[in-house]
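Chemist: my questions concern the predicted model and sequence given below.
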Amino acid sequence: MGQIEIITANTAAAIAAKLCRVQVISAYPITPQTPVTEELAAMVESGDLKAEYITVESEHSALASVVAASQVGARVFTATSANGLLYMHEMLHWAAGSRVPIVMACVNRGVGAPWTILNDQQDTIAQRDTGWIQMYCRNSQEVIDTMIQAYRIAEQIQIPIMVCYDGFILSHASTPVDVPFQDEVDRFLPSLEDRSGIDGKTPMNVNPLILSDPRPDANGVLMPGYMEFRYRLQQDILGSLEAIQSVDSEFQDTFGRSWGGSVWGYHMDDAEHAIVSMGSLASECTVAVDQLRSEGIKAGVVGVRVYRPFPSSQIVELLSGVRTATFFEKDVSYGYQGALAMDAKAAMYESKSRPEISSYVVGLGGRDVRPEQLAEATLKCVKGPVQHCWLNVSG
Amino acid sequence: MSKNSTPIRTVSTPAEGEAGKTGDWRSQTPKIDHEKCSQKDSCLLCWLYCPDGVISATFPLEINLTYCKGCGICAEECPRKAIEMVDDK
Amino acid sequence: MKSHQSYEIIWHGRGGQGAVTAAKMFTEAAYYAGFKGVSAKPTYFSERRGAPVSIHTRISPEPIRTFSNVLFPDIAVVLDDNLLEMVNVTANIKTGGLIVINSSKSAYDLELRGRFTVAISDAYHCSEAAGLIIEGNVLVSTSILGPLVAATNFVGLDNVQKAIQHKFKGKSLERNLKAMELAFEKTTIVELDNMSAVAQG
């Protein structure tokens, strides 16, 4: 139990970075992430946070700076949104390939053109194949808690993590947040052990050009090829689901709050109809389920907290027993369907008992999504599947 | 999935000949005319521009032919035309 | 209005006027009053000083799980009576709801129509009297809480004072408290029924 404060998710993320005692911060301001950078810069300026704040001219440089700092063993933090995240795209691959435990707050915002500064999840979904772990938060409490968990997970498995939360909807909304005490965070998250192998005295090659096949280096040591390194990344990111679960359990033991590991359920025990979603939209879906239950429909929510690695077996387990599954998401893979629905359908192919699956794209570019709309749309799918429908759109 | 012994990061110690004995790649060899060479530390443009670091920074200049790829940059950069690329065969 | 209910509030102000600050302080006061779920979500597009902005607030005995816009508010709070000409602030207020306005005019003069309670206080001049002026601007973000707390009973003056004490220090705290208390005292509450205004006290 910490101190309750009425704060935004942006403030929660900044406080979490401070509680995690980050040593190097580099970020470039972009709406709606800007307050995170402002608040951290103020903490560094005042001396409340002993960290190096590197100001840069772009998001590409921001991520490059924290990759470099992380490579030499510092605990680092950055944050961005939308087009800023897209500008980082090259360095995202570089960070994952370098196996650096960066934690980045991604404040979800729609992507231009045309310009929008308002929320959807297209920005992070478009980065799903970069080798990062992606965690989606449903409220500001989950943001502060996930940030703390993320450093533990990232440092354990040496893979960077995006902590994603919805722009404005969470980033600028003030709600009560239980801010953990520093000594508790210190116990949960010990200081970072330097595993870089770089001491600053001996010259080292970091991420040199390597060939396709394994080959002995100049000292006669057999060096793996590109594919071996990338296979190891895939094995470790798939294996991280276990770490994510155990870190969440341990977090619960220390702080009394669990966020369900990679997937959480709401009224799923006896549910006949599942609603599947991510982020604050999944929270909105729980209100829709309350409404459906009051109308006699046995509905439940499957909240996907971790999108990469994709928790396929947990999702299959939760959806195998239901009659229908309706997906709501704030992204689309243009030319096909919503990314979450696509992935879950692929996972369900392995299952013998498959529900009828419907999918909706909602809330792009800040379009308001209301629980009663979600309930109504779900009810339609209970009667018969709806293929890739855009909710509340004219034209 | 089975545990893999591959290190997670691509980090190595730099050493001579990391890319192999690149002297094998050479079809032309730099020949130095030590008379034309300034033999002064204030020049050393060949040493500075050599992409493989095979030219000595001491005089008379020496080139390590085990690793010299024969790219000819030293000959191009020398202001006194003291280096000439000659065919190996 | 009773304390075991949930409330939805829309705040209308101009960018930079302090509507966000006011909404945040009131939700904090509601939290002190025992409401476990409070939220204040600004819906401004981008930071635009002077443009009409709104903040959507929910106050509930249970933690808030919906972040959608408030469509049918129990209460609308208007920080500037000039906004009445630009924004339909009485739109969708629930029957029996409340509208709180910073104005030197009466409900009759403001030509309000509907079935709701109107609480009016001249928050601007209360702030001015309390010396709440920064760089020539009179700040109404705390004084507007005066008529709001005067016309409701689920948060309480003491909790609003506590929220102000949490936000401000020293001279600034004194001025903010004084401005809010002045506006509280000078609140006129009128119940409107359809097209007519009936003074009640």
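Modeler: Received the coordinates, thanks. Residues are numbered from 1 along each chain as shown, chains lettered A, B, ... in the order given.

Chemist: buried set for stretch C:55-73?
Modeler: Counting neighbours by 16 or more other C-beta atoms under 10 Å in any protein chain shown, one finds that the buried residues in stretch C:55-73 are C:55-60, C:64-68, C:70, C:73. All C-beta spots, glycine's among them, are computed from the backbone N, C-alpha and C.

Chemist: ditto for stretch C:91-105
Modeler: Of the residues in stretch C:91-105, those buried under the neighbour-count criterion (16+ other C-beta under 10 Å) are C:93, C:97-103.

Chemist: that stretch close to chain A?
Modeler: No - with C-beta under 8 Å from any C-beta of the partner chain as the threshold, stretch C:91-105 lies outside contact range of chain A, at a closest distance of 13.5 Å.

Chemist: could you dump that stretch to PDB, C-alpha only?
Modeler: Provided in PDB are the C-alpha atoms of stretch C:91-105 (Å, rounded to 0.1, in the frame of the first residue of the first chain):
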ATOM      1  CA  ALA C  91     -27.900  20.400 -23.700                       C
ATOM      2  CA  ASN C  92     -28.600  16.900 -22.400                       C
ATOM      3  CA  ILE C  93     -28.500  17.900 -18.700                       C
ATOM      4  CA  LYS C  94     -30.500  15.300 -16.900                       C
ATOM      5  CA  THR C  95     -34.000  16.300 -15.600                       C
ATOM      6  CA  GLY C  96     -33.500  17.600 -12.100                       C
ATOM      7  CA  GLY C  97     -29.900  18.200 -12.800                       C
ATOM      8  CA  LEU C  98     -27.800  21.200 -12.000                       C
ATOM      9  CA  ILE C  99     -26.000  24.000 -13.900                       C
ATOM     10  CA  VAL C 100     -23.400  26.100 -12.100                       C
ATOM     11  CA  ILE C 101     -22.400  29.400 -13.700                       C
ATOM     12  CA  ASN C 102     -19.900  32.100 -13.000                       C
ATOM     13  CA  SER C 103     -21.900  35.200 -13.800                       C
ATOM     14  CA  SER C 104     -22.900  38.500 -12.400                       C
ATOM     15  CA  LYS C 105     -26.300  38.100 -14.100                       C
END
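
Chemist: run through who's touching that stretch.
Modeler: With contact meaning C-beta atoms under 8 Å, 6 or more residues apart in numbering or on different chains, stretch C:91-105 is reached by C:1, C:71-81, C:84, C:89-90, C:110, C:112, C:114-125, C:140, C:143-144, C:147-148, C:151-152.

Chemist: spatially nearest residue to the residue in chain B positioned nearest to chain A (excluding sequence neighbours)?
Modeler: As assessed by C-beta to the nearest C-beta, chain A sits closest to residue B:15 within chain B, at 3.5 Å. Across the structure, with C-beta to C-beta, 6 or more residues apart in numbering or on different chains as the measure, the residue nearest residue B:15 apart from its sequence neighbours is residue A:218 (3.5 Å).

Chemist: what's the neighbour count on the one you found?
Modeler: One way to gauge burial is a neighbour count; for residue A:218, by other C-beta atoms under 10 Å in any protein chain shown, it gives 15.

Chemist: confidence score at it?
Modeler: Here, the pLDDT recorded for residue A:218 equals 77.

Chemist: the residue of chain B closest to chain A: what's it in contact with?
Modeler: Shown here is residue B:15, whose contacts under the criterion C-beta under 8 Å, 6+ apart are A:217-219.

Chemist: what's the average pLDDT for stretch C:7-23?
Modeler: Over the span of stretch C:7-23, the pLDDT mean works out to 92.

Chemist: grab the nearest non-local neighbour of residue A:155.
Modeler: Distances taken as C-beta to C-beta, 6+ apart place residue A:101 nearest to residue A:155, at 4.4 Å, with adjacent residues excluded.
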